[in-house]
Structures are given as C-alpha cells and as structure tokens.
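With the sequence up front, the predicted model follows.
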Amino acid sequence: QVQVVESGGGSVQAGGSLRLSCAVTGFTYSNYYIGWFRQAPGKEREGVGYIYRRFPRPYYADSVQGRFTISHDNAKGTLDLQMNSLKPEDTAMYFCAAGSRGGLGAEGYTYWGQGTQITVSS
C-alpha cells in the first residue's frame, strides 16, 4: 500500500524560509514522479513543482521559480521542498503526491498526503 506523508509545516513572516519533507513508501520510488501542490482557501489546487526520480531535474511553477527548491534527501529518504523568500500569497495547505504521469496538474498523481499548513504573515 502506497503512503505519502508530509511534514514540516508552520508559520513564518514574509521573507522567511520553511522546509517541507515528503516520505513515500510502498512502491518503487525511482519509477514515479513526486509532486508538490498547494491549495489556498477558496482557490483551486496549484502545482508547485515536481521531480522524476530517474532524472532528478525538478520543474517549478512560475509563481515559485527561483524561490522554491525541490531536492532529494538521501539520508532521510525524503523529497524536500525548500521555500525561501516566502510571501503572504504562499499561504496554503501544501500537499505531496506520487504518480506515474507527473506534471503540474493534479491528474498526474494517484497518491496524496494529508497536507501540511503553511502560513506566511506580512
């Protein structure tokens, strides 16, 4: 059974940084895409970025390009999302997802975590 678990949410002032981790268990991780998404109240779920384990070059949404970084933490066995220069508009519930198609659309992912809240105050 595939499980996806996020950790590391919290609150920060604008301009600050936070780091999220995503642990995926239950399938051959190297054959899947792992994506980060976010959803603010009243808004649609938005793709933040994603990575394919076999070709570890991450892709980002324009809204976070240059501020967010996706990377593997091989020691922990997680896929991390480093968020720098955070803005109030980054406030949302952040989700990690795993799937065989990837991309910035939610339809590319089958397995989802429960989400972790990020709040950025001005």
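Perfect, thanks for sending it.

which residues touch Ser11?
Taking C-beta atoms under 8 Å, 6 or more residues apart in numbering, we find Ser11 in contact with 118-121. C-beta coordinates here come from the backbone N, C-alpha and C atoms, glycine included.

Show me these that map onto helices.
Residues of those located in helices (DSSP state H): none.

Using JSON lines, lay out those residues together with pLDDT and neighbour count.
JSON lines is the format used below for these (pLDDT from 0 to 100; neighbours: other C-beta atoms under 10 Å):
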{"residue": "Ile118", "pLDDT": "97", "neighbour count": "22"}
{"residue": "Thr119", "pLDDT": "97", "neighbour count": "16"}
{"residue": "Val120", "pLDDT": "97", "neighbour count": "19"}
{"residue": "Ser121", "pLDDT": "97", "neighbour count": "11"}
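
hmm, which helix or strand of the protein has the shakiest average pLDDT?
strand 55-60 (a mean of 88; mean pLDDT, DSSP states H and E).

buried stuff in the following helix or strand past it?
With elements assigned by DSSP states H and E, the helix or strand that comes after strand 55-60 is strand 68-73. By neighbour count on 16 or more other C-beta atoms under 10 Å, the buried set for strand 68-73 is 68, 70, 72.

can you redo those as a markdown table with pLDDT and distance to Asn31?
Shown next, in a markdown table, are these (pLDDT from 0 to 100; distance: C-beta to C-beta, whole Å):
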| residue | pLDDT | distance to Asn31 |
| --- | --- | --- |
| Phe68 | 98 | 24 |
| Ile70 | 95 | 18 |
| His72 | 86 | 15 |
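
which one of those is nearest Val2?
His72 (18.0 Å; C-beta to C-beta).

May I have the residues that are in contact with the closest one?
51, 53, 56, 78-80.

By neighbour count, which of those residues wins?
Leu79 (27 neighbours; other C-beta atoms under 10 Å).
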